[in-house]
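>>> Mind folding the following:
(chains A, B and C)
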Amino acid sequence: MMPWRMGEGDPQRDAEGRLRNLLAIEGLREGEILEILDSAESFLGIGERMVKKIPILRGRTLVNLFYENSTRTRSTFELAAKRLSADVLNIAVASSSASKGESLLDTVDNLLAMQVDGFILRHPEAGAAHLLARHLGERAWVVNAGDGQHAHPTQALLDVFTIRHLLGPISERVVVILGDILHSRVARALIHALSILGCPQIRVVGPRTLVPPELQDLGVHVFHELEPALTGANVVYALRMQRERMDSQRLPSLEEYHRRFGLSAARLRLAADNAVVLHPGPMNRGVELSAEVADGPQAIILEQVTHGLALRMAVLARLAGGNP
Amino acid sequence: MASTWDLSTLIDSLQRDLQARIDPQSCVMVGIYTGGVWIARELHRRLGVSAPLGELDISFYRDDFSRVGLHPEVKASRIPFSVDGSHLILVDDVLYTGRTIRAALNEIFDYGRPDRITLAVLVDRGLRELPICADVAALRLRSNPSDYIKLRGPNPLSLEFLPGGEVAPA
Amino acid sequence: MSLRRRIRNLRLIDPVSGKDYRGDLALAAGKILALGEIPDDFQANEEIDGSGLIACPAFLETQFQAHTPGSGLHGDLRSELHAAAAGGFGSVVLDPDTAPVADTPGVLYQQRAAAEAVDYLRVYLSGALTRELQGESLSEMAALAEAGAQIFSQGRQSVADSQRLRLALSYAADLGRTVFLWPEDRCLAGNGVMDEGPLSLRLGLAARPQAAEEIGVERDLRVARLAGAAVHFPSLSSAAAIARVAEARRGGQVVSCGVSLHHLLLSAEDIGYFNTHSKILPPLRNQKNRDDLLRALADGAIQCLTSQHVPWGRETEGQTFAQAPFGIAAVQWTLPLALRLVEEGSLDLLQMIRLFTTGPAAVLGLPPPSLAPGANADLCVFDPDAELQPSATGFSRARNHPYAGWPLRGQVRYLFVDGRLRYCSAAG
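Prediction:
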């Protein structure tokens, strides 16, 4: 084989092609995603028992290595690992001190010296999880809990799990993703997950400064006006709007954003009956969603959190199993 | 050469033995996926247990998880009653090494603390590796590890046996 | 004192005359004494069998970062010149973005002293056009010229303010030296780390649109024309920008451009899963642009090829794509990489040699390197058929290159500077 064009193996997989790390949705097979979603359904029941814990990762040590603040993602990963009986080490590294101090890989090497089985990494830079996976090789596995603007695979999996759990197969649903697609790892991951599961129509909508027309290369329908994008949709996924987008002049103000793209009850009526509204959190009330929608019956944002726990248990069990 | 047994005769015998030991109004019953659930459904109906039937998938409790990983078709366990203080009838099809029952006992205790557990199996292969034995068994064999014994079902249920050793009714 | 050498049975390619013929080469007193028919009375004290080898003038590298002066962590003049010699180079122009920047005569004297101490290849110096390369205040260009600056250069920094650029170029024009500019619209380029396109969208990396370079070239061409300065763009990546330079040349403007081998051999796809060894400036572009670049090369719109050598030491490894520094250090494999382009039919052997010899010499204001009797014996003698696979590490202190394991052909056998043998590899 000529390595003429760079063609390294997929760093998510081991030499036999099995899923060894979860770095991105891109490159996963439909069967693999469905297996993870199916097992997450079983893990969902564990939260309802007296002892909310099962022994399958007993004796394993996982590290929650977070270079960015994220209460929700960090705590659901921690709880997921604990409910699987793993020992969990939480390490929060403020980005500012990380740039002064030791590098990511040096930190990880120190942890590896304590016999760690797997890492859950959140990092502000795209590709950090790939870097770590390549560095670790066979020594430990990696779950990407968000890397810069690149990927956030467990978020996408819990989103498609939630949609499937409440509405049935993805292959029959029209999904609208609303907001800052350009800078969103959540959107990127979700688009890949929906495509792999055969979603018949993925629409993205937002101002051109945040939703570049080139996105259609990812196989989505691009809209710059909310109303036509919402018409007939079964799922509306509103992304969080970051204040720094105003600083970089991609938007004039949050108020103007809400005027053009805020999801109000009136606009939501354009969507299909019983359409559901998701949001990855944390939410800015009155910006992405009106309070009426956020607190209304169609919002399933808290279900996402519950499902996130079960889904992350399924992912950890999948990666840890068979890799003693 | 494959042997089969008459399933309804075997279940009749299980039913008889259990009737002497339980109170259908107060006991609860749990079957272990997949064969144990089939047998338990039949017993549950015949004995008239009033609480709904529980179903257990012990995948999360297996002691060989590190080696084999998570079974992709793992089912959700369903225990639709309180386990605390109950007399629990645990039903499985074939008792072999005892590891499945150990895992099932572990899982049951994560739902609550029963007063008493009675184990009922269709076949006891006589090859246990753990100190776990059946209170009630329709068929007690002294089989070889090379023998193949499997319950097929659910419609109709049949017990399949491909011999490699001696069959000796207890 | 150098030996009197005779190299027999060579294929000789002279970029000046364009002649390609077989014969012997006689070297004496650092010069080419004769070629083809050697006078009967020539007494060599060393003879080399050149069967199967090609001789041409040694290559000239217009973009060479040796981190001298510098920390030494990322290589120094000795390690990097060794790699350059193995790649076929007899001369290099040092980049001005050293630590400290080559914006005072003192730094140039230091570089000169280092080059003399290493005493290896020919080293030309560049003086920073503006202080600290910031594009704001003029450096003391006359003093830099006196200290030996062959050219003035902005390194890899564009000048944001058009008026300051105009004044700097006007001032440099007085001193009769070519100015190397880095054309880019800085605001549009932003903090992009790769080309803007489908791949940057997928990887979620900050992107640098190709238009930033095209706007930069357009602006710099017009400002250079206003200033009456000779400018050179040492590494362009956009085929459209190169076409614009060619148009200006046809219009009589004194301007030239170079392209790196990397932009001709690689595209943005080679970044794959965040391969930091494919992170360069200007960024690798899409496949269509690469095809257009190869066409521009064949059409003669490009004056120089370069390996754009930027070594980074081990301390920079293990970083994310955004953190990793820009640059590829593959000067050691220049010859086989360039022969790859010849093998693919993108240009012929004579054209390739010209783009590494007479092309850069014209840009630098140096006499054209040739094989004519009397010329400096700066020679590259290579085996065009030897199989070679670049290793992850080579003579350079760095290993930031994406070519490890590529099956290539072509190896430098002997490299002479002033008739002195500077590099020699075993036939294998």
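>>> Provide the strand pairings for the helix or strand where B:I117 lies, with the direction of each partner.
Take DSSP states H and E as the rule and B:I117 turns out to sit in strand B:116-124. Strand B:116-124 pairs in its sheet with strand B:87-95 (parallel), strand B:136-140 (parallel), by DSSP bridges.
>>> So what's the residue count around the closest residue to A:V93 other than its chain neighbours?
Nearest-residue entry for A:V93: A:Y67, 5.0 Å, with adjacent residues in sequence omitted and distances by C-beta to C-beta, 6 or more residues apart in numbering or on different chains. For every residue, glycine as well, the C-beta is placed using N, CA and C. Each residue near A:Y67 was counted by other C-beta atoms under 10 Å in any protein chain shown, and the total is 23.
>>> Verify the stated contact: A:Y67 with A:A129.
No. Using C-beta atoms under 8 Å, A:Y67 is not in contact with A:A129, being 11.0 Å away.
>>> Give the residues shared as contacts by those two.
Jointly contacting A:Y67 and A:A129 under the rule C-beta atoms under 8 Å, 6 or more residues apart in numbering or on different chains are A:121, A:123.
>>> Please determine how far the residue nearest to A:V93 is located from A:T107.
9 Å (C-beta to C-beta, to the nearest Å).
>>> Need the residues touching each of the two.
Joint contacts of A:Y67 and A:T107 (C-beta under 8 Å, 6+ apart) are A:V93.
>>> is it true that C:Y109 touches C:A147?
Yes. Here C:Y109 reaches C:A147: they are 5.9 Å apart, a contact under C-beta under 8 Å.
>>> Neighbour count: the two, which is higher?
A count of neighbours by other C-beta under 10 Å puts C:A147 above the other of C:Y109 and C:A147, at 20 against 13.
>>> per-residue confidence for the more buried one?
For C:A147, the model assigns a pLDDT of 98.
>>> got a list of what it touches?
Neighbouring residues of C:A147 by C-beta under 8 Å, 6+ apart: C:105, C:108-109, C:112, C:125, C:127.
>>> Now the buried members of these.
C:105, C:108, C:112, C:125, C:127 (16 or more other C-beta atoms under 10 Å in any protein chain shown).
>>> what would the strands paired with strand B:116-124 look like in JSON lines with mean neighbour count, mean pLDDT and distance to B:S50?
Shown next, in JSON lines, are the strands paired with strand B:116-124 (neighbours: other C-beta atoms under 10 Å in any protein chain shown; pLDDT from 0 to 100; distance: least, C-beta to C-beta, whole Å):
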{"stretch": "strand B:87-95", "mean neighbour count": "24", "mean pLDDT": "96", "distance to B:S50": "13"}
{"stretch": "strand B:136-140", "mean neighbour count": "21", "mean pLDDT": "94", "distance to B:S50": "20"}
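>>> C:A362: which of those is closest?
Closest approach to C:A362 among the strands paired with strand B:116-124 (C-beta to C-beta): strand B:87-95, 88.1 Å.
>>> Show me what secondary structure element comes after the closest one.
Scanning forward in sequence from strand B:87-95 by DSSP H and E, the next helix or strand is helix B:99-111.
>>> Report the mean confidence score over that next one.
Across helix B:99-111, pLDDT averages out at 93.
>>> what's it packed up against?
Under the contact definition 3 or more C-beta pairs under 8 Å, 6 or more residues apart in numbering or on different chains; DSSP states H and E, helix B:99-111 sits against strand B:28-32, strand B:54-56, strand B:87-95, strand B:116-124.
>>> could these go into JSON lines alongside distance to A:T73?
Below are the helices and strands packed on helix B:99-111 laid out as JSON lines (distance: least, C-beta to C-beta, whole Å):
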{"stretch": "strand B:28-32", "distance to A:T73": "36"}
{"stretch": "strand B:54-56", "distance to A:T73": "32"}
{"stretch": "strand B:87-95", "distance to A:T73": "39"}
{"stretch": "strand B:116-124", "distance to A:T73": "40"}
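>>> which stretches of chain B have low pLDDT?
Along chain B, the parts satisfying pLDDT under 70 run over B:1-4, B:72, B:165-170.
>>> Tell me which residue in the stretch 201-324 of chain A sits closest to chain C.
The stretch 201-324 of chain A approaches chain C most closely through A:D217 (4.3 Å), counting by C-beta to the nearest C-beta.
>>> can you pull the contacts of that residue?
Each residue near A:D217 by C-beta under 8 Å, 6+ apart is listed here: C:198, C:201.
>>> 10 Å instead, please
Listed by C-beta atoms under 10 Å, 6 or more residues apart in numbering or on different chains, the contact partners of A:D217 are C:197-199, C:201-202.
>>> rewinding a little: which of the contacts of C:A147 are close to chain B?
Counting by C-beta under 10 Å from any C-beta of the partner chain, nothing from the contacts of C:A147 sits close to chain B.
>>> Go through the residues you listed and flag which are in strands.
C:125, C:127 (DSSP state E).
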